[in-house]
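> Predicted coordinates and the sequence they were generated for:
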Amino acid sequence: MRNPRSARPARRPRSGSSAGRDAGGAPVGSVWLFGTHAVAAALANPARVFQRLLVTEAEHPVFAAAQEAGANLRIEPELAPRAKLDDLLGPEAVHQGVAALVKQLPNLSLEEALERPGPVLVLDQVTDPRNIGAILRSAAAFGAACLVVQDRNAPEETAVLAKAASGALETVPMVREVNLSRAIEALQKGGCWTVGLDAGGGLLNGPSFEGRRVALVLGAEGKGLRRLTRESCDEVAGLYMPGDMESLNVSVAAAVGLYELARVRMPSTYQPAATKKPT
């Protein structure tokens with residue numbers, strides 16, 4: 001869970017594409033979250049400051065989900081008709097009858113984030129909030145320490161990003177850095193072996209990194225890693241893809257890369273269902 005002791009000041013939201021802007025006309029420094037998973041995870045995060053909580057029914061499933069995650073209800077819920085949430089969040093929002101107005105999370109420093117165990121993900125100008133949300137979800141699933149993005153080329157927290165992250169926005173810190181090359185250098189000094197996930201190098205082989213902490217660096221779709229970012233990495237490696245496709249969506253590539261790093265830690269007693277002997 002995010003560490004609430006960050007001393008960094010709140011960020012001023014930037015203007016951006018409509019895909020990255022928040023619904024509901026949230027005040028500066030705040031964001032509307034919607035959907036059962038996203039709101040329940042926010043309720044379970046003590047670093048979240050709630051301003052409003054709207055539900056369409058008194059016994060909404062979000063309360064049971066939040067309680068299961070160990071949350072204490074910190075705000076009085078407001079009952080609201082579904083039509084009000086539709087109007088507030090927009091016709092495309094799959095809100096599942098719950099929405100919360102919350103303050104944006106404080107931005108952890110890279111040094112604070114590295115106190116957490118696990119690999120690190122670095123995004124080089126990945127701008128789609130849905131992709132970033134999906135990457136956060138994979139980062140949470142595979143035990144990544146944090147997600148590092150370049151501040152001016154990454155979206156702010158939005159409901160769209162949080163919904164795609166399915167709760168992972170609350171558990172995986174998103175560290176914003178001004179200069180990505182300097183951030184990669186700081187990761188190296190912090191004990192990370194930085195691997196640019198891109199074609200042109202060897203194949204990413206998880207067992208070869210045993211005993212080393214890895215930071216995977218991924219580029220934007222189409223453009224891939226920028227030259228300076230690529231040159232800043234300790235090595236460049238690609239994914240084994242024997243099929244007909246030459247590339248993957250960046251969120252899928254992140255998941256595959258994280259799995260490749262995680263499989264070396266797979267318990268020896270684990271036996272996939274396909275290999276179990278019939279009884």
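Happy to help now that I have it. Numbers count the residues shown, from 1 in each chain.

> what comes up buried for stretch 239-257?
Burial within stretch 239-257, assessed by neighbour count using 16 or more other Cβ atoms under 10 Å, is assigned to Leu239, Leu248, Val250, Ser251, Ala253, Ala254, Ala255, Val256, Gly257. Using the backbone N, CA and C atoms, a C-beta is placed for each residue, glycine as well.

> and for it, what are the contacting residues?
Contacts to stretch 239-257, defined as Cβ atoms under 8 Å, 6 or more residues apart in numbering, come from residues 121, 123, 126, 130-132, 134-135, 138-139, 141-142, 197, 199, 203-204, 216, 218-221, 260.

> looking only at pLDDT, what's the mean for that stretch?
For stretch 239-257, mean pLDDT rounds to 90.

> quick revisit: among the contacts of stretch 239-257, which lie within strands?
Counting by DSSP state E, the part of those found in strands is Leu121, Leu123, Leu197, Ala199, Leu203, Leu216, Leu218, Gly219.

> how much space is there between the fifth one and Pro242?
Pointing back at Leu203 there. 11 Å (Cβ to Cβ, to the nearest Å).

> And stretch 43-50, what's buried?
By neighbour count, and taking 16+ other Cβ under 10 Å as the criterion, the buried residues in stretch 43-50 are Leu43, Ala44, Asn45, Ala47, Arg48, Val49, Phe50.

> I'd say the third one and Glu170 touch.
Pointing back at Asn45 there. Yes. Asn45 sits in contact with Glu170 when judged by Cβ atoms under 8 Å, with a separation of 4.0 Å.

> Show me where this protein has its strands.
Going by DSSP E, the chain shows strands at 30-34, 50-55, 78-79, 98-103, 120-124, 146-150, 174-177, 192-203, 213-219, 235-238.

> What lies in contact with the second one?
In other words, strand 50-55. Counting by Cβ under 8 Å, 6+ apart, strand 50-55 makes contact with 30, 39, 42-43, 62, 74-80, 84-85, 88, 97-103, all of which sit outside it.

> Ok, the fifth one next?
In this structure, residues lying in contact with strand 120-124 by Cβ under 8 Å, 6+ apart are 113-114, 132, 135, 139, 144-150, 154, 180, 183-184, 187, 192, 194, 213-220, 225-226, 229, 250, 254, 258.

> Can you say which of these are buried?
When the contacts of strand 120-124 are checked for burial by 16+ other Cβ under 10 Å, the buried set is 113-114, 132, 135, 139, 144-150, 154, 180, 183-184, 187, 192, 194, 213-220, 225, 229, 250, 254, 258.

> Would you format the strands of the chain as CSV with distance to Ser109 included?
Listed next are those as CSV, based on distance: least, Cβ to Cβ, whole Å:
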stretch, distance to Ser109
strand 30-34, 21
strand 50-55, 25
strand 78-79, 36
strand 98-103, 19
strand 120-124, 13
strand 146-150, 10
strand 174-177, 7
strand 192-203, 15
strand 213-219, 16
strand 235-238, 26
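
> Would you mind telling me which of the ones you listed is nearest Gly70?
With Cβ to Cβ as the criterion, Gly70 lies closest to strand 50-55 of these, at 16.1 Å.

> what's the average pLDDT for the closest one?
Model confidence over strand 50-55 averages 92 on the pLDDT scale.

> swap in stretch 162-169?
Across stretch 162-169, the per-residue pLDDT values average to 90.

> Quick one: distance of that stretch to the chain centre.
Mean-position distance between stretch 162-169 and its chain equals 7 Å (Cα atoms, centre = their mean, to the nearest Å).

> which residues are in contact with it?
By Cβ under 8 Å, 6+ apart, stretch 162-169 touches 31, 33-35, 37-38, 40-42, 94, 105, 129-134, 136-137, 139-141, 157, 161.
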